[in-house]
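K.L.:
Here is a sequence together with a model predicted from it:
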Amino acid sequence: MKRILTLLLLWFSAQHIIKAQSKDFVYGYVYELNEKGDSIPLQGAAVIWLNSQVGTTTDESGYFSLNKVQGNQIAISFVGFKTDTISIENVDFPLRHVLKSTISIDAVTVKADRTNTFIQQLNPIQTVVLTSGELTRAACCNLSESFETNASVDVSYSDAITGAKQIQLLGLAGIYTQMQYENIPTMRGLASTFGLSYVPGPWMESIQVSKGTASVSNGYESITGQINIEYKKPWAEEKSYLNLYTNSLGMAELNANYAFDVTPTVSSMVLVHGSMLSNRVDHNHDQFLDHPLTQQYHLFNRWKYQGKKWESQVG
């Protein structure tokens, strides 16, 4: 019986001490809610007596202890959370408070525009990229007309009678420039003379031009540099395209492409081009045509397989 009375006396004494101490200082914990809705300690939250300079911050467990000053309200704040003001007169200690976030966003979409011509910053070889926007500005019918707005490459006629053109990079003839289609070397032999007009402008997605240093990694064919052409891809955003062109000289041109998915892992694109100039143009009447007669038809069908372990492209 004496032991029970002693324990009761100690308990009442402890409660009296706690109440007396609670009048001298305030202590408690500050929490935040995670994605699952559970309360987790919030470290670094500011706890300040209202209308005073007396305050503290919470530790890693969210705990704070603050000596009491004149007043009965404290403000709890943290960056990104709503500031709460609490009256401590009728609050049990230790104080446990949850701060609510002021911003609730499910997703953020960031969009940015880049210039039509830019230099690849991550490529150790200085490479100038001409995007589809630059090709549109140049209003090019084929590859030979794609560099009119770019000072990196010069294109000149090698034969005025046939209309053959050649590329000059760093002032040297085109035979010293390596031409590639999606990193596959091409335009060798006779194709190097007429090959520039065999690539329709609307088929190209972008062009990468590197000068001089490309010969180190790509071989002797790229003494003055390298030009790589990227065609439109069946997995890109553009699914269909149709372009018709004609002019006063009698030239007519058709360009069309269509992309489709065969299966979730197989996609394909069909690209069609046709151009014709059958009108004999001789403005000065010297019995020599001002423009060579041309007639071209091109068809390109490319396929891609994208599996979990394997991928392949063929065209």
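P.N.:
Great, that's in hand.
K.L.:
Return the residues in contact with G44.
P.N.:
T57, T58, F78 (CB atoms under 8 Å, 6 or more residues apart in numbering). Every residue, glycine included, has its C-beta placed from N, CA and C.
K.L.:
Using the three-state scheme, assign it.
P.N.:
Here G44 is coil, with the state taken from DSSP: H, G, I helix; E, B strand; the rest coil.
K.L.:
how close does it sit to K100?
P.N.:
17 Å (CB to CB, to the nearest Å).
K.L.:
and what of N257?
P.N.:
53 Å.
K.L.:
Kindly report the same for W203.
P.N.:
In terms of CB to CB, W203 sits 56 Å off from K100.
K.L.:
Look at the two and report which has more neighbours.
P.N.:
The neighbour comparison of W203 against K100 (other CB atoms under 10 Å) goes to W203, with 21 against 10.
K.L.:
For that one, give me phi and psi.
P.N.:
Main-chain torsions, W203, degrees, to the nearest 10: phi -80, psi -20.
K.L.:
got it, and A112?
P.N.:
phi -150, psi 150.
K.L.:
I'd like to know how many residues surround it.
P.N.:
4.
K.L.:
How confident was the prediction at it?
P.N.:
pLDDT, A112: 73.
K.L.:
Report the contact partners of it.
P.N.:
Contacts of A112 (CB under 8 Å, 6+ apart): none.
K.L.:
Start at 434, not 1
P.N.:
Yes, from this point I'll number from 434; that puts the last item at A545.
K.L.:
how close does it get to K666?
P.N.:
Separation of A545 from K666 (CB to CB): 21 Å.
K.L.:
Also Q720?
P.N.:
From Q720 to K666 the distance is 47 Å (CB to CB).
K.L.:
who has more neighbours, these two?
P.N.:
A side-by-side neighbour count of Q720 and K666, using other CB under 10 Å, places K666 first with 16 against 6.
K.L.:
who touches the more buried one in this structure?
P.N.:
E638, A692, M702, K737.
K.L.:
Report the distance from stretch 608-617 to the chain centre.
P.N.:
27 Å (CA atoms, centre = their mean, to the nearest Å).
K.L.:
That stretch: which residues count as buried?
P.N.:
For stretch 608-617, burial by neighbour count (16 or more other CB atoms under 10 Å) applies to Y609, T610, Q611, M612, Q613.
K.L.:
again with stretch 477-489
P.N.:
A478, A479, V480, I481, W482, G488, T489.
K.L.:
Including secondary structure and pLDDT, could those residues go into CSV?
P.N.:
Converted to CSV, the buried residues of stretch 477-489 look like this (DSSP: H, G, I helix; E, B strand; the rest coil; pLDDT from 0 to 100):
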residue, secondary structure, pLDDT
A478, coil, 91
A479, strand, 91
V480, strand, 91
I481, strand, 90
W482, strand, 87
G488, strand, 87
T489, strand, 90
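K.L.:
Let me know the closest of those to L629.
P.N.:
Of all those, L629 sits closest to A478, with 67.1 Å by CB to CB.
K.L.:
Now Y609. Its backbone dihedrals?
P.N.:
phi -100, psi 0.
K.L.:
Report the contact partners of it.
P.N.:
L602, E654, S655, I656, T657.
K.L.:
Need the max-distance pair from the residues you listed.
P.N.:
Most distant of these, by CB to CB, are L602 and E654, 12.1 Å apart.
K.L.:
Please say which of the two ends up with more neighbours.
P.N.:
Set L602 next to E654 and count neighbours by other CB under 10 Å: L602 wins out with 25 against 17.
K.L.:
tell me the pLDDT at that one?
P.N.:
pLDDT, L602: 70.
K.L.:
Unless I misread the structure, L629 falls within a helix.
P.N.:
Yes - L629: assigned to a helix according to three-state DSSP.
K.L.:
ok, now how distant is Y664 from K544?
P.N.:
From Y664 over to K544 the distance is 26 Å, taken as CB to CB.
K.L.:
ok, now G683?
P.N.:
Counting by CB to CB, the gap from G683 to K544 is 43 Å.
K.L.:
These two: which has the busier surroundings?
P.N.:
G683 (13 against 4).
K.L.:
Specify the beta-bridge partners of T727.
P.N.:
L710 (DSSP bridges).
K.L.:
is it true that it touches V714?
P.N.:
No - in this structure, T727 is not within contact of V714 by CB atoms under 8 Å, at 11.9 Å.
K.L.:
Type out the ChimeraX command that picks the buried ones from the contacts of G477.
P.N.:
The ChimeraX selection below is limited to those of the contacts of G477 classed as buried (16+ other CB under 10 Å):
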select :491,511
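K.L.:
Including secondary structure, could the contacts of G477 go into JSON lines?
P.N.:
As requested, the contacts of G477 are exported to JSON lines (three-state DSSP):
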{"residue": "T490", "secondary structure": "strand"}
{"residue": "T491", "secondary structure": "coil"}
{"residue": "F511", "secondary structure": "coil"}
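K.L.:
Brilliant, that's me finished.
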